[in-house]
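In: coordinates for the following, if possible.
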Amino acid sequence: MTSDAPSAARAPQSVHRYFLAVCGFAFLLALACSLVCYFEVGGSLGLFIGGIASAALLLPYLTRFDTRASRELLIALAYPLAIAIVWLVASFQFGIPILQLVKSVLVLAAFSFAIVSLKSALMRATRCDVVASAITVVLALAWLSWPIWMSRGVVGHQTLAGWLVRLHPIFAINGAMPQLGTWTHQPLMYHLTNLGQDVPYELPASIWPCAIAHLMIGAALVAANIHRILPDPSRG
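Out: Residues are numbered from 1 along each chain as shown. Presented below is the predicted three-dimensional model:
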């Protein structure tokens, strides 16, 4: 009995250390990705696009190390926090107003929350972490890249295109930082999308439609997960 007590006491400590290590790894990985973007593109719009894209690619797999909902959310906070630090450095070096930076970080945080919540919901539906992570990455990248693969489909549907633009994380950040140039007018994107050419649109005037939409999606998925975890009183 006495020999089991120390091992039982050490177990929670090892779990906490493991979780802190996972959070630290997520933070350092996000920091490394953001620094690569920073050294490659400086304080351009590409730096912020890179942060959003890296969250879509990596966050679903980072949360597989600890699938408890509260800890998944903490990992989802650690990742954008590291990105925000690099963005802050860029804002000082390239004269980006702090208010614009704060708006961009809010969009990143809301997007990260939605990604982690979606992955958690898919994990409970598929019972396979690898499958859930892969589906989440595909859906997140599909959402981010709709201006490329869906642009021809919204020709003649300006209202639909307008709403999709308002809710899109990259367009929301671009609207908060118009001085960095329009995303669809960049040399590469100009040849990949009809937006701004056959499909007229305006950059979002506010980040809030995008941020609130992603927060609501994340909250709905979290609530659905909690409902599935809780026992059904009618079966008691």
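In: what about the helices in this protein?
Out: Counting by DSSP state H, the chain has helices at residues 4-41, 45-62, 69-94, 98-126, 129-144, 146-149, 158-167, 169-176, 187-190, 208-229.
In: deepest-packed of these, please.
Out: helix 169-176 (a mean of 26; mean count of other Cβ atoms under 10 Å). To be clear about C-beta, it is placed using only N, CA and C from the backbone, and glycine gets the same treatment.
In: name the residues that touch that one?
Out: 45, 48-49, 52, 100, 103-104, 107-108, 110-111, 144, 147, 165-166, 180, 182-183, 203-207, 209-211, 214 (Cβ atoms under 8 Å, 6 or more residues apart in numbering).
In: so it versus helix 98-126, what angle?
Out: Helix 169-176 and helix 98-126 are oriented at 170 degrees to each other (axes from the mean of the first three to the mean of the last three Cα atoms, to 10 degrees).
In: next, the angle helix 208-229 makes with helix 169-176.
Out: If you take the same axes, to 10 degrees, helix 169-176 sits at 150 degrees to helix 208-229.
In: now helix 169-176: mean pLDDT?
Out: Helix 169-176 shows an average pLDDT of 97 in the prediction.
In: picking up where we left off before, looking at the helices of the chain, which one has the lowest mean pLDDT?
Out: helix 4-41 (a mean of 75).
In: related to what we said a few turns ago, tell me which of the helices of the chain sits nearest to V199.
Out: helix 158-167 (5.2 Å; Cβ to Cβ).
In: helices and strands around the closest one, which ones?
Out: Counting contacts by 3 or more Cβ pairs under 8 Å, 6 or more residues apart in numbering; DSSP states H and E, helix 158-167 packs against helix 208-229.
In: which elements pack onto the helix it packs on?
Out: By 3+ Cβ pairs under 8 Å, 6+ apart, helix 208-229 packs against helix 69-94, helix 98-126, helix 158-167, helix 169-176.
In: ok now the longest one, how far from the chain's centre?
Out: The offset between the C-alpha centroid of helix 98-126 and the centroid of the whole chain comes to 4 Å, using Cα atoms, centre = their mean, to the nearest Å.
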